[in-house]
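Chemist: Pasted the sequence and its predicted model underneath.
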Amino acid sequence: MKGLELSERFYCEYGAPMLDGQFADIAPSLAVGLFGSGSECFGYDDGLSPDHDFEPGFCIVLPDEDIIDRKTEFALERAYSKLPREFMGYKRCILNPAGGNRHGVIRMRSFFLNKTGSPDGILPTLAWFSVPEQALAEATNGRIFRDDSGKFTAARQRLTYLPDDVRLKKLAGHLLLMGQAGQYNYPRSVARGDTAAAQLAIIEFAKSAIHAIFLLNSRYMPYYKWSFRALSELPTLSPLHSPLEYLISSGNKGSEAKAKQSTADEICTAIISAARGQGLTDFAGDAAEGHAFAINRRIADEEIRNFHILYGV
């Protein structure tokens with residue numbers, strides 16, 4: 001069973017009765033769900049996931065202390081800790097009183113500060129560049145089971161995706177890196193017989209190509225170990241999953257290196273075609289670098305447009 005379903009069942013069977021029975025007066029001010037860190041919050045959990053922080057649990061999000069005080073928060077923490085220790089064959093984790101738990105009672109302010117640096121999820125335009133996309137993905141993933149006031153849901157919706165100029169700056173930077181690493185440095189490293197440098201170049205190319213694909217899909221790129229899994233489910237350019245995997249798992253000598261260069265060129269062509277299809281570049285050539293600067297010129301905010309082209313990466 002997937003963690004999201006397990007969590008929701010546990011909440012419906014034990015969490016909801018606890019909140020409506022013992023905390024009926026404040027329940028409308030709470031938000032409940034499963035979100036944040038952990039593969040289960042993305043729906044990526046599998047047979048290996050239960051070996052680390054996997055449990056039948058959920059998050060109870062509290063508003064500021066002027067609405068729900070610390071004494072009530074402590075009572076909620078105790079009530080949550082007293083829920084059944086096992087559910088559907090899965091044991092719950094031991095709560096850490098010093099913090100660091102992924103589930104249980106959390107303050108909305110603390111959640112958004114931890115993920116974005118902002119207590120309410122409101123970010124000035126330039127601040128979007130300093131928040132890792134994996135953190136933004138964790139701030140907006142998972143499932144909300146209950147949010148009567150709608151405040152937590154509204155804060156998450158404000159973080160749905162990057163402002164357009166930020167997206168374009170990041171895309172321009174990653175296209176430039178794709179050109180430098182895959183179209184220029186990889187073949188030169190191969191020609192020198194420097195297979196280590198060649199592999200580093202192709203990995204840099206693949207990393208930027210993957211990020212560019214997420215940007216073209218207007219989706220946050222999650223933590224690196226889930227990026228290939230998430231890429232395979234994207235509506236645009238998901239077929240590039242296999243050639244990208246080939247690039248980072250093959251050698252750099254002879255015919256294999258020639259095949260890798262051809263694959264990298266095909267990936268560049270596909271990504272550039274998608275950018276053209278979205279009206280983001282009018283550069284006529286095949287060099288990713290040319291398209292990077294064409295995309296950068298489309299940034300509306302003059303300050304962001306004039307930042308170094310790699311500012312977003």
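Modeler: Okay, I see it. Numbering: from 1, shown residues only.
Chemist: Please, where are all the strands along this protein?
Modeler: Secondary structure of the chain (DSSP state E): strands located at 31-34, 59-62, 86-87, 90-91, 104-107, 143-147.
Chemist: I'd say Tyr14 and Lys82 touch.
Modeler: No - taking contacts as Cβ atoms under 8 Å, Tyr14 lies outside contact range of Lys82: 9.8 Å. Where you see a C-beta, it was placed from the backbone N, CA and C, and this is true even at glycine.
Chemist: Least confident of the strands of the chain, on average?
Modeler: Mean pLDDT is lowest for strand 90-91 out of the strands of the chain, coming in at a mean of 84.
Chemist: Partner strands of it and their direction?
Modeler: If you go by DSSP bridges, strand 90-91 pairs up with strand 86-87 (antiparallel).
Chemist: what's in contact with the partner strand?
Modeler: Contact with strand 86-87 is made by Leu6, Arg9, Phe10, Glu13, Tyr14, Pro56, Arg92, as judged by Cβ atoms under 8 Å, 6 or more residues apart in numbering.
Chemist: let's go with 10 Å and repeat that
Modeler: When contacts are defined by Cβ atoms under 10 Å, 6 or more residues apart in numbering, strand 86-87 is touched by residues Leu6, Ser7, Arg9, Phe10, Glu13, Tyr14, Glu55, Pro56, Gly57, Arg92.
Chemist: Same check on stretch 66-82?
Modeler: Under Cβ under 10 Å, 6+ apart, the answer for stretch 66-82 is 14-15, 18-19, 21-23, 25-26, 29-30, 57-60, 62, 65, 92, 94-95, 97, 103-107, 149, 151.
Chemist: Now do it, average pLDDT.
Modeler: The average pLDDT within stretch 66-82 is 92.
Chemist: Pull out the buried residues from that stretch.
Modeler: Neighbour-count burial for stretch 66-82, counted by 16 or more other Cβ atoms under 10 Å, picks out Ile68, Thr72, Glu73, Ala75, Leu76, Ala79, Tyr80.
Chemist: so which of those comes closest to Ala264?
Modeler: Tyr80 (50.5 Å; Cβ to Cβ).
Chemist: wait, Gly312 sits on Arg167?
Modeler: Yes - applying Cβ atoms under 10 Å, one finds Gly312 in contact with Arg167, separated by 8.6 Å.
Chemist: Against Glu289, how distant is the nearest residue to Gly15 once chain neighbours are set aside?
Modeler: Once flanking residues are discounted, Gly15 sits nearest to Phe58: 5.9 Å by Cβ to Cβ, 6 or more residues apart in numbering. Counting by Cβ to Cβ, to the nearest Å, the gap from Phe58 to Glu289 is 47 Å.
Chemist: Of these two, which one has the most company?
Modeler: Phe58 (26 against 19; other Cβ atoms under 10 Å).
Chemist: you'd agree the more buried one is up against Glu5?
Modeler: No - counting by Cβ under 10 Å, Phe58 sits too far from Glu5 to count as a contact (11.8 Å).
Chemist: Need the residues touching each of those two.
Modeler: Common neighbours of Phe58 and Glu5, using Cβ under 10 Å, 6+ apart, are Leu34, Arg143.
Chemist: Against which helices or strands is the longest helix seen in the chain packed?
Modeler: Ordering each helix of the chain by length in residues (DSSP state H) puts helix 254-277 first. Counting contacts by 3 or more Cβ pairs under 10 Å, 6 or more residues apart in numbering; DSSP states H and E, helix 254-277 packs against helix 164-178, helix 186-192, helix 195-216, helix 241-248, helix 288-296.
Chemist: low-scoring stretches of this structure, by residue?
Modeler: For the chain, the stretches with pLDDT under 70 are 49-54, 94-101.
Chemist: Put the buried members of the contacts of strand 86-87 into a PyMOL selection.
Modeler: Those of those that count as buried under 16+ other Cβ under 10 Å are selected in PyMOL with:
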select buried, resi 6+7+10+14+55+56+57+92
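Chemist: For Leu234, state which of the contacts of strand 86-87 is nearest.
Modeler: Among those, and counting by Cβ to Cβ, the member closest to Leu234 is Ser7, at 24.9 Å.
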